[in-house]
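A.B. asks: pasting a predicted model and its sequence here:
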Amino acid sequence: MLSNKRIQELELVMEFEKVEECLKEVSSWIENVGRKRLKEMVNLDDSLEMLLQTQKQFREFDLVASEYCRRGQEALKKMDHWEDFSSVDVHSYRVKLQSYRDQVEEFCTQLDQNRHRICETVRLYEFFDKVR
């Protein structure tokens with residue numbers, strides 16, 4: 001039984017190494033591109049025209065960012081069964097996995113929040129534009 005458990009753990013480590021390549025790529029994109037672009041879109045302009053331009057730029061960015069979120073979430077989902085293993089040998093991999101999970105979830109949440117905020121701001125500006 002111990003031998004079988006050890007073999008399963010080794011298989012998990014090999015699987016993690018395959019999945020980690022995808023997670024590293026997603027993580028690198030989030031750190032080097034994604035977060036910077038989100039920060040650029042924090043301050044929304046005061047005119048409807050500029051706001052619509054920002055919304056258009058965000059939509060283009062959102063397509064790419066959503067794809068990275070999807071890829072990261074799929075890679076993480078492949079590793080869901082790691083929760084069953086608690087050996088010391090697997091612990092460092094679980095810590096890495098949790099770090100990737102936290103990063104992907106945080107970025108995807110921020111992306112959703114920005115999408116919602118920009119959409120609501122545009123709707124509000126359009127409403128006020130009609131009222132005038």
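C.D. replies: Looks like it arrived, so ask away. Numbering: from 1, shown residues only.

A.B. asks: does the helix or strand containing Y93 pack against any helices or strands, and if so which?
C.D. replies: For Y93, the host element (DSSP states H and E) is helix 88-131. Other helices and strands packing on helix 88-131, by 3 or more C-beta pairs under 8 Å, 6 or more residues apart in numbering; DSSP states H and E, are helix 2-29, helix 35-40, helix 48-78. In this view, the C-beta of every residue, glycine as well, is placed from N, C-alpha and C.

A.B. asks: need the per-residue pLDDT for the spatially closest residue to E9 that is not a sequence neighbour.
C.D. replies: Nearest-residue entry for E9: V90, 5.5 Å, with adjacent residues in sequence omitted and distances by C-beta to C-beta, 6 or more residues apart in numbering. pLDDT for V90: 73.

A.B. asks: and V90, how far is that from K78?
C.D. replies: Note on V90: its distance to K78, by C-beta to C-beta, to the nearest Å, is 15 Å.

A.B. asks: of those two, which one has the most company?
C.D. replies: Relative neighbour count places V90 above the other of V90 and K78, with 19 against 13, counting by other C-beta atoms under 10 Å.

A.B. asks: ok, that one to Q103 distance?
C.D. replies: As judged by C-beta to C-beta, V90 and Q103 stand 20 Å apart.

A.B. asks: now L10
C.D. replies: L10 is 26 Å from Q103, by C-beta to C-beta.

A.B. asks: equivalent analysis for E49, please.
C.D. replies: Counting by C-beta to C-beta, the gap from E49 to Q103 is 35 Å.
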